[in-house]
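Asker: Sequence first, predicted coordinates after that:
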Amino acid sequence: MITILAILMIVLILILVHNNIISSFFNPGVFFGLVWSIQILISNIFLENNHNSGSLYILIVVFFSLISGFIGEKLPMFVNNKKKIDYSFNERLSTVCLYVSILLGVLYEIFLLRSKGMSILSIFEVGGLLDLNVQNAAIRYGDVAIKSSLVTKVLLPFTYLAPSIGGIHFVLSNKKSNKYLSLLSFLPTFLSLTIENTKSGFISAIILFVSGIIIANLLKNKYFEINLKKIFMLVIITIFLFYLLIFSMVLRSGEISTRMFDFAQKKIIVYALGHISAFNIWFSDFSMVPPNGIGKYTFLGIYNTLGLTVRDQGVFNEFVYINGTTTNVYSFFRSLIMDFSVVGAFLFILLFTILATIAYKSLINKVNIYFSIFILFNYYFFTMFNFTSIWTYSSYILMLILILVYSKMIIREIKNVKEK
C-alpha cells in the first residue's frame, strides 16, 4: 500500500509541474514531496519495512506540503511592477571566497590530524591510509574522547561553506576555469571521507553544492530541463558515489576483501535509507504523549552551544535492527515530533514550506535576495539531509550564517531599473 501511495504521489507531482499548476520541481513544496516520496519508494524496495505507519504520516505531510507550495506561489508579492530589480555578481571576489574557504577547510583536516598525533603524509600510502581510518574509527567509537580545540571548531564550518559557495560559483561564473575550480570545493570533505571516514560530511557537501546550484539558477531565472542525458548522468554519479562510500567504509575496517565489500554494501544501503525504516519502527510504538523537547532535538546545535544540553555521538542512543545491521538514525521527523508533537511537526513543515516558497518566489523576482538565499539554503539542505535535523550541528548553523555574509559580499542588488 505504501509503495503504491508513494508512486501516486510522484505521479501527482509530475502532473502538477507538467501542467504548470506549480511552476517547477524546485518549488519548495514540490521538492520536499519529490525527495521524500522517492526515498519511501526506494526504501520499500530495498529494506524490510514491517511497520509503515511512519511512512504513511510522512506521505500525508508530503501531500499537504504540495498544497503549501501552491499557496506560497499564489500569495501576493509586494513589488512595484513599474520597476525592475536586477543584480550583479562579483566573480573575482567570489573566487577569492572560494579559495579561502577551501584552504581553511583543508587546514581543519591538518589541525585535526595533528591533534590526534597523526600525520597528513600517511594518506599517500595505502597502508598508512588504512591505519589512519582504523585509528580514527577507534577514537570516534571508543570510550576515550578527544576534545576539539578552538582552532578546529572555528575551521570546521569552512569545510561545508566551500561546497555551498562552489555550487553558486559554478552557475554564476562566466569563466570555464572558475566553474572547474568550483569542483575543488569538495576537497576538504573528501579528505575527511578518506581519512576519518565521516560519510555524513561528504554527503552534506554534495547536498550543499546541489543547493547552491538550484539557488543560483533561480537567481538567473533558469530552470533545469529533465531529459534522458541528465537522468543517465545522475544515475552514473549516484552509482559512483555509492561505491565511493562503500570503499570508505572498507578503509575503516582496515581489511580490503570481498567479504568486507559485501558487508559495506549492505551497511551503506541501511545508512542511506535506514532512517525511514527506523522512523517507522519508532513511530509504530510512539504514544501520543505531550512533547517534552521544546526544540532541544531539532535545534540541538543551539542548545549545545548555549550549554543547555550535551550532544553525544548521534542524537538518539536507541538502536534498531534493519536488514541484519543496526542504526540509531530516525530522520528529522522524530526530532520534530518529540519537540512539537505529531501535529506540531506537521505544522512546522507546512509553515516552513510556505516561508520557503515565498523566498523562492522572491528570489525569482529579485526581491529580498539575501534573505531568500538564506531561507532557501536552510530549506533545501533540511529537505535533502533528512537523516536528522540540520540544526543539530553548530557547524552547519555557522555555515548557513556565513552563506548569508557571502551572498551580501558577492551579489549586489541593482534597484530602480525601469522596464523596457
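Answerer: Structure received.
Asker: Tell me the buried residues in the helix ranked longest in the chain?
Answerer: Taking DSSP state H as the criterion, the chain has its longest helix at helix 331-364. By neighbour count with 16 or more other CB atoms under 10 Å, helix 331-364 contains the buried residues 331-341, 345-346, 348-350, 352-364. C-betas here are computed from N, CA, C, even on glycine.
Asker: element containing the residue lying closest to N44 once chain neighbours are set aside?
Answerer: Ranked by CB to CB, 6 or more residues apart in numbering and with sequence neighbours excluded, the top spatial neighbour of N44 is T3, at 4.7 Å. Taking DSSP states H and E as the criterion, the element that holds T3 is helix 2-18.
Asker: I'd like the next helix or strand past that helix.
Answerer: Next helix or strand after helix 2-18 toward the C-terminus (DSSP H and E): helix 28-46.
Asker: tell me the angle of that next one relative to helix 331-364?
Answerer: Relative orientation of helix 28-46 versus helix 331-364 (axes from the mean of the first three to the mean of the last three CA atoms, to 10 degrees): 150 degrees.
Asker: from the chain's centre, how far out does helix 28-46 sit?
Answerer: Relative to the chain's own centre, helix 28-46 is displaced by 14 Å; criterion: CA atoms, centre = their mean, to the nearest Å.
Asker: can you check stretch 243-252 too?
Answerer: On the basis of CA atoms, centre = their mean, stretch 243-252 sits 20 Å off its chain's mean C-alpha point.
Asker: Which parts of this structure are strands?
Answerer: Residue ranges of the strands in the chain, as given by DSSP state E, are 83-89, 320-322, 325-327, 411-418.
Asker: Just name whatever secondary elements the third one is in contact with.
Answerer: I take that to be strand 325-327. Contacts defined by 3 or more CB pairs under 8 Å, 6 or more residues apart in numbering; DSSP states H and E place strand 325-327 against helix 258-284.
Asker: picking up where we left off before, ok, the residue nearest to N44 - contacts?
Answerer: 41, 44-45 (CB atoms under 8 Å, 6 or more residues apart in numbering).
Asker: One more: F283?
Answerer: Residues counted as contacts of F283 (CB under 8 Å, 6+ apart) are 51, 53-54, 57, 333-334, 337.
Asker: isn't I10 right next to V30, touching?
Answerer: No. Counting by CB atoms under 8 Å, I10 does not reach V30; the two are 10.8 Å apart.
Asker: Looking at those two now, which is surrounded by more residues?
Answerer: V30 (27 against 17; other CB atoms under 10 Å).
Asker: Spit out the contact partners of the more buried one.
Answerer: Applying CB under 8 Å, 6+ apart, we find V30 in contact with 13, 16-17, 22, 24, 66, 69.
Asker: ranking these by neighbours, who comes first?
Answerer: Going by other CB under 10 Å, G69 tops these with 27 neighbours.
Asker: do you know how far it is from W36?
Answerer: Per CB to CB, to the nearest Å, G69 is found 13 Å from W36.
Asker: Tell me who's in contact with S204.
Answerer: When contacts are counted by CB under 8 Å, 6+ apart, S204 touches 160, 189, 381, 385, 396.
Asker: Mind checking which of those are in helices?
Answerer: Residues of these located in helices (DSSP H): 160, 189, 381, 396.
Asker: nearest residue to the second one other than its sequence neighbours?
Answerer: So that's T189. Counting by CB to CB, 6+ apart, T189 lies nearest to A205, which is 3.9 Å off, once chain neighbours are set aside.
Asker: Report the contact partners of the one you found.
Answerer: 159-160, 162-163, 185-186, 188-190.
Asker: mind redoing it with 6 Å?
Answerer: 163, 186, 189 (CB atoms under 6 Å, 6 or more residues apart in numbering).
Asker: can you check Y379 too?
Answerer: By CB under 6 Å, 6+ apart, the residues touching Y379 are 28, 356.
Asker: Quick one: the contacts of S204 as JSON lines, columns for pLDDT and neighbour count too.
Answerer: Shown next, in JSON lines, are the contacts of S204 (pLDDT from 0 to 100; neighbours: other CB atoms under 10 Å):
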{"residue": "Y160", "pLDDT": "96", "neighbour count": "28"}
{"residue": "T189", "pLDDT": "92", "neighbour count": "26"}
{"residue": "F381", "pLDDT": "97", "neighbour count": "23"}
{"residue": "F385", "pLDDT": "93", "neighbour count": "21"}
{"residue": "Y396", "pLDDT": "95", "neighbour count": "22"}
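Asker: Please convert the contacts of V30 to TSV, extending it with pLDDT.
Answerer: As requested, the contacts of V30 are exported to TSV (pLDDT from 0 to 100):
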residue	pLDDT
I13	93
L16	90
V17	87
I22	87
S24	88
L66	94
G69	91
